[in-house]
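Trainee: Below are the sequence and a predicted model; questions follow.
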Amino acid sequence: SQTIHQWPATLVQPVGSPLSLECTVEGTSNPNLYWYRQAAGRGLQLLFYSVGIGQISSEVPQNLSASRPQDRQFILSSKKLLLSDSGFYLCAWSPMGGEPNYGYTFGSGTRLTVV
Amino acid sequence: AQSVTQLGSHVSVSEGALVLLRCNYSSSVPPYLFWYVQYPNQGLQLLLKYTSAATLVKGINDFEAEFKKSETSFHLTKPSAHMSDAAEYFCALQTGANNLFFGTGTRLTVIP
């Protein structure tokens, strides 16, 4: 069966420090991968998605970047964190070329607090 | 254009009472619709999904939703609320492999 792992679960970082959040998927090949952010009191915002290694689409211009160095690995990064980067970050996957009736499967999330 | 509207950002019900969370959608193509639940500091878990096979969809934990094309709605219901149902619920619409649109969520509070 397919599983998605996301870490760390919580992170407290000072303003101006770098960020690296990692997400990996097991049990499937060539997944579509997604990074979402959920800010306090706000809905889910799609940040990036990837349909293959090295292929990244950015949905919202911001202080963050994403990379996909391996088929089932998706990394969210920042060179210098801002206070506004605080939030709950969720990784998700869906089958490549799958029907749009599949939905996405989400990881357990990372709570990032920038201080 | 595709969109999802969840009516009521907060809903409170008494334990044992009916749960009704409202979702309306707009889509130019046949929609696939989902309800997800999120418990505090956790990821989203799929409750149920509509994929055009049947208009009344049953999900986990006795939740169900009915697709009504004429009303462009996909409301979520549960006959009897339990304390463990307290969470945030998201309605979502998918129109393509990378096009999943979420509503803004409804926080359900269950009063003992």
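Mentor: Here it is on my side, so go on.

Trainee: Nearest the geometric middle of chain B, what residue?
Mentor: Closest residue to the average C-alpha location of chain B: B:W35 at 3.7 Å, with Cα atoms, centre = their mean.

Trainee: Surely it touches B:Y50?
Mentor: No: counting by Cβ atoms under 8 Å, B:W35 sits too far from B:Y50 to count as a contact (9.0 Å). Bear in mind the C-beta positions are built from the backbone N, C-alpha and C, glycine included.

Trainee: hey, what's in contact with both of those two?
Mentor: Shared contacts of B:W35 and B:Y50 (Cβ atoms under 8 Å, 6 or more residues apart in numbering or on different chains): B:A65, B:F74.

Trainee: Can you name the residues of chain A that neighbour chain B?
Mentor: Within chain A, the positions lying close to chain B (Cβ under 8 Å from any Cβ of the partner chain) are A:6, A:9, A:32, A:34, A:42-44, A:49, A:51, A:57, A:88, A:90, A:92, A:94, A:96-98, A:100-109, A:111.

Trainee: Narrow the residues you listed to just the buried residues.
Mentor: Among the residues of chain A next to chain B, those classed as buried by 16 or more other Cβ atoms under 10 Å in any protein chain shown are A:6, A:32, A:34, A:43-44, A:49, A:51, A:88, A:90, A:92, A:94, A:100-109.

Trainee: How about the contacts made by residue 105?
Mentor: Chain wasn't specified; assuming chain A. By Cβ under 8 Å, 6+ apart, the contact list for A:T105 reads A:Q2, A:I4, A:A92, A:W93, A:S94, B:L46.

Trainee: Please refer instead to chain B.
Mentor: Residues in contact with B:G105 (Cβ under 8 Å, 6+ apart) are A:G43, A:L44, B:Q6, B:S9, B:Q38, B:E88, B:Y89, B:F90.
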